[in-house]
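K.L.:
give me a model of this one.
(chains A, B, C and D)
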There are 2 protein chains.
Amino acid sequence: MNADQIRKNLVAKGLKITPQRMAIFEAIIVLHNHPTADNIIEYIRNKYPNVATGTVYKVLDALVENELIKKVKTDKDVMRYEAELDEHHHLYCCESNRIEDYRDEELNTYLENYFRTKSIPGFTIKDIKLQINGRFTEEANRKQFSNNK
Amino acid sequence: MNADQIRKNLVAKGLKITPQRMAIFEAIIVLHNHPTADNIIEYIRNKYPNVATGTVYKVLDALVENELIKKVKTDKDVMRYEAELDEHHHLYCCESNRIEDYRDEELNTYLENYFRTKSIPGFTIKDIKLQINGRFTEEANRKQFSNNK
DNA sequence: CTGCGTGCAAATGGTTTGCACTACG
DNA sequence: CGTAGTGCAAACCATTTGCACGCAG
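P.N.:
Next comes the predicted model:
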């Protein structure tokens, strides 16, 4: 996702294009590994000083509200964010706090098939997300560039 | 789960049996709909006054630590808790904050089958939880006794 | 008795809010 | 220009912590 695409998305939602919003988008994309608000603030402070903490939260809220980014659930109490909007699942490492995307089209249709025939009484499904809990192998951890603690 | 069972579980983990811990267990079970720490505190205050807020958090932490209860992930920033320890999934209502358990043995084996043949490179799966997002029907909401806002 | 568990109140820290100011369109 | 967006600092509030006391084993 490049700057032009981001600008287009903002306009499409009736949001004004501001350097702060562009910077926050950049941060989420560059940090890529489901950064916390704090990670984002830290990243931005280096490149674009004088962006207020409150602004970052307000922008993040606005972007989530307008479905331009998503909140990611964690066991811990801090929120994380991602700019990946396509259908995908998450791998949670129970040792580190690492979260990795998992895309699997075959799995999605496999699940669709299941719930096509089996409906849940009193509930209308909108979408299904898998929380795949487990451990990254040593090798996978070595390849990780994430700065999430 | 009755009081004796709870006592047994505490002892098995080397935790002392205290009225506070019993009360908190009772609260989680009675409130049943994935209560927040606040819900639990409110419940306890009525039946057993003079239980400190800090104690509730400490007990909840200890119980989670010892795998006697579980934290439930939410989009919101408040933690929720549950005493259901068997494998199950969650239905998230995107309108209310309601969370309902979803048990489906057939689905579990269906998923196991899938991941038996398809492994994820660099990652060892421990368990898989479905976040089923959607909406409860009007009827289902009327049947709800939950006190979660 | 001995130390785990509790009560209390203060501290923490992520997030929100109010308001005056700025700048996008 | 008018209003959405920002900066700032104070407020909020769920959760954590430190320490003296109490009670379970």
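
K.L.:
alpha carbons only for contacts and neighbour counts from here, please
P.N.:
Will do.

K.L.:
near chain B at all, the helix or strand harbouring A:Asn133?
P.N.:
Assigned by DSSP states H and E, A:Asn133 belongs to strand A:123-136. Yes. Residues of strand A:123-136 contacting chain B under Cα under 8 Å from any Cα of the partner chain: A:123-136.

K.L.:
out of those residues, which are buried?
P.N.:
Buried subset of the residues of strand A:123-136 next to chain B (neighbour count, 16 or more other Cα atoms under 10 Å in any protein chain shown): A:Phe123, A:Thr124, A:Ile125, A:Ile128, A:Leu130, A:Gln131, A:Ile132, A:Asn133, A:Gly134, A:Arg135, A:Phe136.

K.L.:
so can I have a markdown table of those showing distance to B:Phe25?
P.N.:
Converted to a markdown table, those look like this (distance: Cα to Cα, whole Å):
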| residue | distance to B:Phe25 |
| --- | --- |
| A:Phe123 | 29 |
| A:Thr124 | 32 |
| A:Ile125 | 31 |
| A:Ile128 | 30 |
| A:Leu130 | 29 |
| A:Gln131 | 26 |
| A:Ile132 | 28 |
| A:Asn133 | 26 |
| A:Gly134 | 28 |
| A:Arg135 | 30 |
| A:Phe136 | 34 |
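
K.L.:
tell me the one of those nearest B:Met79?
P.N.:
Closest approach between those and B:Met79, by Cα to Cα: A:Gln131, at 17.1 Å.

K.L.:
per-domain residue ranges of chain A.
P.N.:
A:1-85, A:86-149 (automatic domain parsing).

K.L.:
what about the shortest one, distance to the chain center?
P.N.:
Okay, so that is domain A:86-149. 13 Å (Cα atoms, centre = their mean, to the nearest Å).

K.L.:
chain A: helices as residue ranges?
P.N.:
Along chain A, the stretches classed as helices by DSSP state H are A:3-12, A:19-31, A:37-47, A:53-65, A:105-117, A:138-142.

K.L.:
tell me what the fourth one is packed against?
P.N.:
Using 3 or more Cα pairs under 8 Å, 6 or more residues apart in numbering or on different chains; DSSP states H and E as the contact criterion, the elements in contact with helix A:53-65 are helix A:19-31, helix A:37-47.

K.L.:
follow-up on the earlier one: just say which of the domains of chain A is most tucked in.
P.N.:
Mean neighbours per residue, mean count of other Cα atoms under 10 Å in any protein chain shown, is largest over these for domain A:1-85, with a mean of 16.

K.L.:
that one near DNA strand D at all?
P.N.:
Yes. Shown here: domain A:1-85 in contact with DNA strand D (Cα under 7 Å from any atom of the strand) through A:14-16, A:18-21, A:50-56, A:58-59, A:77.

K.L.:
residue nearest the centroid of chain A?
P.N.:
A:Glu82 (1.7 Å; Cα atoms, centre = their mean).

K.L.:
point out where chain A drops to low pLDDT.
P.N.:
Across chain A, the ranges flagged by pLDDT under 70 are A:77, A:144-149.

K.L.:
which residues of it lie near chain B?
P.N.:
So far as Cα under 8 Å from any Cα goes, chain A lies against chain B at A:71-75, A:77-79, A:107, A:114, A:122-137, A:139-140.

K.L.:
mind running it again at 6 Å?
P.N.:
A:73, A:75, A:77, A:122-137, A:140 (Cα under 6 Å from any Cα of the partner chain).

K.L.:
residues from chain A in reach of DNA strand C?
P.N.:
Going by Cα under 7 Å from any atom of the strand, the residues of chain A near DNA strand C are A:11, A:16-19, A:36-38, A:53-55, A:57-58, A:61, A:77-79.

K.L.:
dig out what A:Tyr102 forms beta bridges with.
P.N.:
Using DSSP bridges, the bridge partners assigned to A:Tyr102 are A:His89.

K.L.:
and A:Lys71, what does it touch?
P.N.:
Contact partners of A:Lys71, counting by Cα atoms under 6 Å, 6 or more residues apart in numbering or on different chains, are A:Arg80, A:Tyr81.

K.L.:
picking up where we left off before, for A:Gln5, state which of the buried ones among the residues of strand A:123-136 next to chain B is nearest.
P.N.:
Among those, and counting by Cα to Cα, the member closest to A:Gln5 is A:Ile128, at 27.1 Å.
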